[in-house]
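Novice: What shape does this take:
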Amino acid sequence: MAAWLQANPHVPSTSPSRIVVDQQIETWFGIITRQSIPTAPSPPSQSWLKQIRDYIAHWNHPRHTVHLDRTADEILAKVQLVQTHIKKLVDTTQS
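Specialist: This next block holds a predicted model:
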């Protein structure tokens, strides 16, 4: 792990977008840990590296690609509608 960290330096950032990216990366590594690395307590090995690479290759397969059937404007309109409903709900519960 130390060699990987040296080869891939990470500069901490406090910007909100960077924090979100960091959280997504932590989630991704959590998924890999739970789904591809053996649970038996043993030191990391080349087989772990192969399992992780195989999992990533499987994850990146084209059939996992998200295909949107709505335009960006339709999606944003739906988000705005949901936000309006939530605001009304919050306003009525605070009254």
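Novice: Which stretches in the protein count as helices?
Specialist: Along the chain, counting by DSSP state H, helices occupy 2-7, 16-36, 46-59, 72-94.
Novice: Need those in TSV (columns: mean pLDDT).
Specialist: Shown next, in TSV, are the helices of the chain (pLDDT from 0 to 100):
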stretch	mean pLDDT
helix 2-7	66
helix 16-36	78
helix 46-59	81
helix 72-94	88
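Novice: Any chance of a markdown table for those helices, columns mean neighbour count?
Specialist: Bear in mind the C-beta positions are built from the backbone N, C-alpha and C, glycine included. Formatted as a markdown table, these follow (neighbours: other C-beta atoms under 10 Å):
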| stretch | mean neighbour count |
| --- | --- |
| helix 2-7 | 7 |
| helix 16-36 | 11 |
| helix 46-59 | 12 |
| helix 72-94 | 10 |
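Novice: Tell me, how many residues neighbour Ile37?
Specialist: By the criterion of other C-beta atoms under 10 Å, Ile37 has 17 neighbours.
Novice: Got the confidence number for it?
Specialist: We note a pLDDT of 72 for Ile37 in this prediction.
Novice: And the residue nearest to it when sequence neighbours are not counted, how close does it get to Gln35?
Specialist: Closest residue in space to Ile37, ignoring its immediate chain neighbours: Trp48 at 5.7 Å, by C-beta to C-beta, 6 or more residues apart in numbering. Distance, Trp48 to Gln35, using C-beta to C-beta, to the nearest Å: 13 Å.
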